[in-house]
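Engineer: I'd like to go over a predicted model; first the sequence, then the structure.
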Amino acid sequence: MIISEALQIPDDEFEWSYARSGGPGGQNVNKVASKAVLRWNIAVNTTIPADVKIRLALQQKRFFTIDAGVIITSQRYRDQERNREDCLEKLRAMIVQATFVPKPRKKTRPTRGSQRVRLQDKKRRGAVKRDRQRPGDD
């Protein structure tokens with residue numbers, strides 16, 4: 001599977017299984033195993049950099065198993081081959097998303113004007129609450 005010029009995953013790393021799919025399909029739905037299940041052990045892969053693997057595991061936790069395996073299923077289509085291609089496309093999209101390094105956040109301070117507005121709003125709100133009290137409670 002080709003993700004980009006630099007990232008490629010050999011097809012022999014993928015383990016495929018098929019099952020009966022739910023949803024519409026007419027009389028054939030009970031006879032044909034059209035649901036595709038892709039299993040991929042990401043720990044044994046050497047073509048994807050370690051930082052991309054870590055980001056992928058953090059971004060897509062629901063697809064990972066305890067032993068660093070990825071399980072992706074597809075039952076969108078009625079035939080097995082299109083569901084298989086859909087699994088590969090889902091995996092490709094997940095890896096492409098994980099290749100982008102997030103820009104580090106710069107710490108900023110609130111402006112003097114925003115601090116002043118915040119304090120004025122607090123004073124105004126406190127005055128409203130103070131006016132609701134019964135007179136003579138001081």
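Structural biologist: Perfect, I can see it now. Bear in mind the structure is a predicted one, so any value in this text is a computation, not a measurement.

Engineer: nearest residue to residue 97 in space, please, no chain neighbours.
Structural biologist: Nearest residue to residue 97, sequence neighbours excluded (Cβ to Cβ, 6 or more residues apart in numbering): residue 59, at 6.5 Å. Where C-beta positions appear, they are placed from N, C-alpha and C, glycine not excepted.

Engineer: who's in contact with residue 22?
Structural biologist: 29, 35, 75 (Cβ atoms under 8 Å, 6 or more residues apart in numbering).

Engineer: reformat those as JSON lines; add neighbour count.
Structural biologist: Below are the contacts of residue 22 laid out as JSON lines (neighbours: other Cβ atoms under 10 Å):
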{"residue": "29", "neighbour count": "14"}
{"residue": "35", "neighbour count": "20"}
{"residue": "75", "neighbour count": "17"}
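
Engineer: out of these, which are inside strands?
Structural biologist: Among the contacts of residue 22, the residues falling in strands (DSSP state E) are residue 35.

Engineer: circling back: show the pLDDT at the residue nearest to residue 97.
Structural biologist: Residue 59 is assigned a pLDDT of 92 by the prediction.

Engineer: that'll do, ta.
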